[in-house]
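# Sequence and predicted structure below; questions after.
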Amino acid sequence: MAERHASISRTATAEKNNDRLFPIFQKNLSSDNLLEFATTAEKLAGWLSRDKAYYPKARPMILMLLEVRPHRP
């Protein structure tokens, strides 16, 4: 039982971390700075390569991140 509790705790912590990272990813993916965009796109691609990235709460944000376009003045 303790192992299950630890797993749930790790999952909750990971989701909180992702909640903090998603806005940063959004900002960087909408940047005109090519290096910032490319670095963030690579990180996002790596994150999306893992099945556990697709938990229900993350799915709408994943779609939003995939649709982000660079900000043009």
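Nice, thanks for sending it over.
# In this protein, which helix is the longest?
Ranked by residue count under DSSP state H, the longest helix found in the chain is helix 2-29.
# Tell me which residues of that one come out buried.
18, 22, 25, 28, 29 (16 or more other CB atoms under 10 Å). (Each C-beta comes from the backbone N, C-alpha and C, glycine too.)
# any idea of the pLDDT on residue 11?
pLDDT for residue 11: 83.
# Kindly list the main-chain dihedrals of the spatially closest residue to residue 22 that is not a sequence neighbour?
Spatial nearest neighbour of residue 22, excluding adjacent residues (CB to CB, 6 or more residues apart in numbering): residue 61 at 4.8 Å. Main-chain dihedrals, residue 61, degrees, to the nearest 10: phi -70, psi -40.
# Surely residue 41 is in contact with residue 25?
No: if you go by CB atoms under 8 Å, residue 41 and residue 25 don't touch, sitting 9.0 Å apart.
# so what's the residue sitting nearest the centre point of the chain up against?
The centre of the chain sits closest to residue 22, judged by CA atoms, centre = their mean, with a distance of 4.7 Å. With contact set as CB atoms under 8 Å, 6 or more residues apart in numbering, residue 22 has these partners: 58, 61, 65.
# How about residue 24?
Shown in contact with residue 24 (CB under 8 Å, 6+ apart): residue 40.
# Ok, residue 68 next?
Applying CB under 8 Å, 6+ apart, the residues near residue 68 are 26, 29, 30.
# Just give me the closest of those to residue 9.
Nearest to residue 9 among the contacts of residue 68: residue 26, at 26.9 Å, using CB to CB.
# Could you say which helix or strand holds residue 42?
Here residue 42 sits within helix 34-48, counting by DSSP states H and E.
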